[in-house]
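Novice: just need the structure, nothing else, for what follows:
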Amino acid sequence: MPGPCVVLTWSAGMAVRTGYLAGIATVFMWAALLCGAQDNATGPNARPPDQQARPAHDESQSTLTRIRDLPIVGLIGPYIPPQGPLIPLTFAQRRDVYFRQTYLNAGSYLARMFSAGIDQARSVPREWGGGMPGYGRRFGSRFGAFAIQNSISAGGNAALGYETRYDICRCTGFWPRTRHAIVRNFITYNDTENELRPQLPMYAAAYAAGMISATWWPTHRNPWAQGAYNSLSQAGIGSGVNWVSEFSMDILHALGIKKTKWEK
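Specialist: The predicted structure is shown next:
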């Protein structure tokens with residue numbers, strides 16, 4: 001990941017966290033799209049090794065395909081196309097997936113901005129006040145818990161060899177694809193990329209992140225209750241994020257952005 005992207009991510013995140021520059025979150029979101037585009041050639045959506053060792057003209061075509069893939073990757077993060085091969089991730093690929101899923105896709109920020117908006121409307125917590133400073137603190141809290149959760153989850157998934165990317169359903173129809181999106185929030189593939197296992201690392205990480213986030217609230221929060229609440233939020237919000245990921249290519253296609261052969 002490029003150095004400037006790391007600096008931009010850290011600086012903007014700290015600015016939002018202070019509660020005085022919450023508006024920078026929008027710039028931060030678009031910066032994620034640009035930073036994610038810089039090193040897409042080595043990303044986890046790159047073609048498998050047996051497809052990478054090809055003549056120059058094929059490699060050029062592969063580069064063009066990756067460029068066309070950028071809009072959707074920048075929005076939902078790394079994913080497995082419906083016709084893409086299921087190949088276990090290497091350590092380097094897992095590291096890349098972690099950074100892209102956590103910091104380098106707009107969806108990460110949009111989801112936390114939405115959640116912070118709900119907290120703002122409910123005045124939770126009341127001590128953080130209103131306006132942009134209050135919203136900035138709530139966004140910082142939401143994104144901080146999200147980053148902690150993804151960090152713990154990435155380690156657990158790596159230890160167990162679990163798949164961390166969302167796989168677009170190979171089925172057709174609105175309801176089968178909706179069911180797939182919801183179910184994938186609770187189960188995933190192990191290192192065989194064929195056998196399904198419960199998403200234990202993700203929910204354990206959600207619980208741990210909730211407990212940790214209780215430490216920076218202005219009033220006392222029961223860490224056990226906060227962990228349970230965060231796990232329930234993962235069940236609901238995670239299913240919603242998966243649904244958006246599942247149908248995002250159709251939405252973009254409806255807006256006039258063509259699908260690539262890997263997205264059909």
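Novice: what's around G240, how many residues?
Specialist: For G240, the count of nearby residues is 14 (other C-beta atoms under 10 Å). From N, CA and C alone the C-beta is placed, and that goes for glycine too.
Novice: tell me the mean pLDDT for whichever strand or helix holds Y229?
Specialist: Secondary structure here is read from DSSP states H and E; on that basis Y229 sits in helix 223-254. Averaging pLDDT along helix 223-254 gives 91.
Novice: for the stretch 1-150 of the chain, what spans make up the helices?
Specialist: 3-18, 24-38, 49-52, 56-76, 91-102, 106-122, 131-160 (DSSP state H, counting those that start in this stretch).
Novice: the next helix-or-strand element following the longest one pairs with which strands?
Specialist: Stepping forward along the backbone from helix 131-160, the first helix or strand reached (DSSP H and E) is strand 166-167. Paired neighbours of strand 166-167 in the sheet (DSSP bridges): strand 79-80 (parallel).
Novice: and the contacts of the partner strand?
Specialist: Strand 79-80 is contacted by residues N45, I72, V73, L86, E163, R165, Y166, D167, I168, S245 when judged by C-beta atoms under 8 Å, 6 or more residues apart in numbering.
Novice: also stretch 207-218?
Specialist: With contacts defined as C-beta under 8 Å, 6+ apart, stretch 207-218 is touched by 125, 127-128, 141, 144-146, 148-149, 152, 221-224, 226-231.
Novice: how long is that stretch end to end?
Specialist: Taking C-alpha to C-alpha, to the nearest Å, stretch 207-218 runs 20 Å from one end to the other.
Novice: give the buried residues for the helix holding Y229.
Specialist: Within helix 223-254, the residues that count as buried by 16 or more other C-beta atoms under 10 Å are 223, 226-227, 229-231, 233-234, 237-239, 241-249, 252.
Novice: check stretch 79-96 too.
Specialist: Residues Y79, I80, P81, P82, G84, L89, Q93, R94, D96 are the ones in stretch 79-96 that count as buried (16+ other C-beta under 10 Å).
Novice: got a pLDDT number for R17?
Specialist: Here, the pLDDT recorded for R17 equals 44.
Novice: distance check, the residue lying closest to I168 once chain neighbours are set aside against S239.
Specialist: Nearest residue to I168 in three dimensions, chain neighbours excluded: P82, at 4.5 Å (C-beta to C-beta, 6 or more residues apart in numbering). Distance, P82 to S239, by C-beta to C-beta, to the nearest Å: 19 Å.
Novice: what's the answer for S153, then?
Specialist: Taking C-beta to C-beta as the measure, S153 falls 16 Å from S239.
Novice: tell me how many other residues surround the closest residue to E195 other than its chain neighbours.
Specialist: The spatial neighbour of E195 that comes closest, neighbours along the chain excluded (C-beta to C-beta, 6+ apart), is Y189 at 6.8 Å. Using other C-beta under 10 Å, Y189 is surrounded by 20 other residues.
Novice: what's opposite Y189 in the beta bridge?
Specialist: Here Y189 sits in beta bridges with L196, as judged by DSSP bridges.
Novice: report the contact partners of it.
Specialist: L86, Y162, E163, D167, E195, L196, R197.
Novice: what's the pLDDT at it?
Specialist: Y189 carries a pLDDT value of 95.
Novice: look up phi and psi at R170.
Specialist: With angles defined as degrees, to the nearest 10, R170 sits at phi -90, psi 10.
Novice: any idea how far it is from F247?
Specialist: Distance check for R170 against F247: by C-beta to C-beta, it reads 15 Å.
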